[in-house]
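Trainee: using only what follows, build the 3D model:
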Amino acid sequence: MTKELQELLRTPAAWLRENAEQSEMVLSSRIRLARNLESRTFTHCADQAELAAVRSEVRSAIAEAPSMAGALLIDMDETSEPERMVLAERRLISQEMVRSYVNRSLAVLPRETLSVMINEEDHLRLQSFACGLSLADAFTRLNVLDDELDGALEFAFSEQFGYMTACTTNVGTGLRASAMVHLPGLVHNGDIRQVIDGLRHVKLSVRGSYGEGSEVTGNFFQISNSITLGLSEPDIVSSMESHVRKVLEFEQKARDALLKEARSLLEDKVWRSYGILRSARLLTSREAMGMISYLRLGVGLGMITDVTLADVNEMLIMIQPMHLQFLYDKVMAPEERDRSRADYVRSRLGGG
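Mentor: Below is the predicted model:
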């Protein structure tokens, strides 16, 4: 592992520690753009020679883009599988790039606010991350990078359909806007299913924290747009933000009701979780996510004042299996990971 990659992975993304709007209920905002080169075959049909040519062309353009000044350029075929899995846990690359890594690359800023996957499903997957409900800010930042790269590369574009992408669900703007929301109130009062059904009715997707196919853990849900064709990029972002705000209104009402009608029960769950996290010797991923969810709720409600949301956000990243192995610099069996996860959480919370 290069020194630069080690430094990148030593601590979670700096933006996770920022104060942002609705950060007590929204862990992160992400904007992703899919782009392909006009003269090149789509990634899944291209041979290795063409993939290498695409990578070289895109890398050159990124090196000249002002928005990516100081970016770390990582060639996936020069990384180990564990290193790629850590990058996937950071959501900087996809699980597909963990498996298919030859002639694939990642360009990422040290703060991880901007990144570009090269030769994933599309030739370019541009990503912008921000803390809290910051979809508009994330889009503005990514739009600048998109314009810079568009000036150096010829993107596949149709006057009738928009940007051409490997998957038809991305044709049009190629834009996916998503927010990682924490909804323990709605889960507790049983209204979460109604909220999810309502979001799907307006063509929004609701998934687990790792996107399509992932299960929901720790009351974290990823909300994203399903439609990319027929709307402008700003309209998609504005619509997404509006719908997320409505969900957050429901969550706030659920939290208020819990405080009013079942405060003792809520406090017991929060403080019991905090106590276990500070003293446990073994923690599975599911156990840790569930209890950190209540810890995060307690911090957001002002019950717990000696832990910050930034601390909780970092723990959510570092308790993941490959991050633990990177942190302790060794391959671990599941039980050893559970022990190391508990050790890490205790150390962060000042437990015994």
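Trainee: tell me the SS of the most centrally placed residue in the chain?
Mentor: The centre of the chain sits closest to residue 91, judged by C-alpha atoms, centre = their mean, with a distance of 5.0 Å. What DSSP: H, G, I helix; E, B strand; the rest coil gives for residue 91 is coil.
Trainee: pLDDT value on it, please?
Mentor: At residue 91, the predicted lDDT confidence score is 94.
Trainee: strands of the stretch 1-150 of the chain, residue ranges please.
Mentor: 26-35, 72-75, 105-108, 114-118, 124-131 (DSSP state E, counting those that start in this stretch).
Trainee: what does the fourth one contact?
Mentor: For strand 114-118, the external contacting residues (C-beta atoms under 8 Å, 6 or more residues apart in numbering) are 54-55, 58-59, 62, 67-68, 71, 92-94, 97, 104-109, 124-129, 141-142, 145. For glycine as for every other residue, the C-beta is placed from the backbone atoms N, C-alpha and C.
Trainee: list only buried entries from these.
Mentor: Listed as buried from the contacts of strand 114-118 are 54-55, 58, 62, 67-68, 71, 92-94, 97, 104-109, 124-129, 141-142, 145; burial here means 16 or more other C-beta atoms under 10 Å.
Trainee: remind me which residues of the stretch 251-352 of the chain are low pLDDT?
Mentor: The model of the stretch 251-352 of the chain has pLDDT under 70 over residues 351-352.
Trainee: how about the strands in it?
Mentor: Counting by DSSP E, counting those that start in this stretch, the stretch 251-352 of the chain contains no strands.
Trainee: mind listing what's buried in the top helix by length along the chain?
Mentor: When the chain is parsed with DSSP state H, its longest helix is helix 233-261. Across helix 233-261, burial judged by 16+ other C-beta under 10 Å covers 233, 236-241, 243-244, 247-248, 250-251, 254-255, 258.
Trainee: so residue 184 is in contact with residue 295, correct?
Mentor: No. Residue 184 is not in contact with residue 295 according to C-beta atoms under 8 Å; the separation is 10.5 Å.
Trainee: can you list contacts of stretch 187-203?
Mentor: 183, 186, 205-206, 219, 221, 223, 225-227, 243, 247, 250, 254, 257-258.
Trainee: meant to ask about stretch 82-101, not that
Mentor: By C-beta under 8 Å, 6+ apart, stretch 82-101 touches 1, 5, 9, 12-13, 30, 74, 76-77, 79, 81, 104, 106, 108, 112, 115, 117, 120-121, 125, 127, 129, 210, 317, 320-323, 325-326, 331.
Trainee: still on that earlier bit, residue 19 is nearest to which of the strands of the stretch 1-150 of the chain?
Mentor: Among the strands of the stretch 1-150 of the chain, strand 124-131 comes nearest to residue 19, with 7.6 Å by C-beta to C-beta.
Trainee: which strands or helices does that closest one pack on?
Mentor: The helices and strands touching strand 124-131, judged by 3 or more C-beta pairs under 8 Å, 6 or more residues apart in numbering; DSSP states H and E, are strand 26-35, strand 114-118, helix 135-152.
Trainee: how far off helix 135-152 does that strand point, in degrees?
Mentor: Angle between the axes of strand 124-131 and helix 135-152 is 150 degrees (criterion: axes from the mean of the first three to the mean of the last three C-alpha atoms, to 10 degrees).
Trainee: by how many degrees do strand 124-131 and strand 114-118 diverge?
Mentor: Going by the same axes, to 10 degrees, strand 124-131 makes 150 degrees with strand 114-118.
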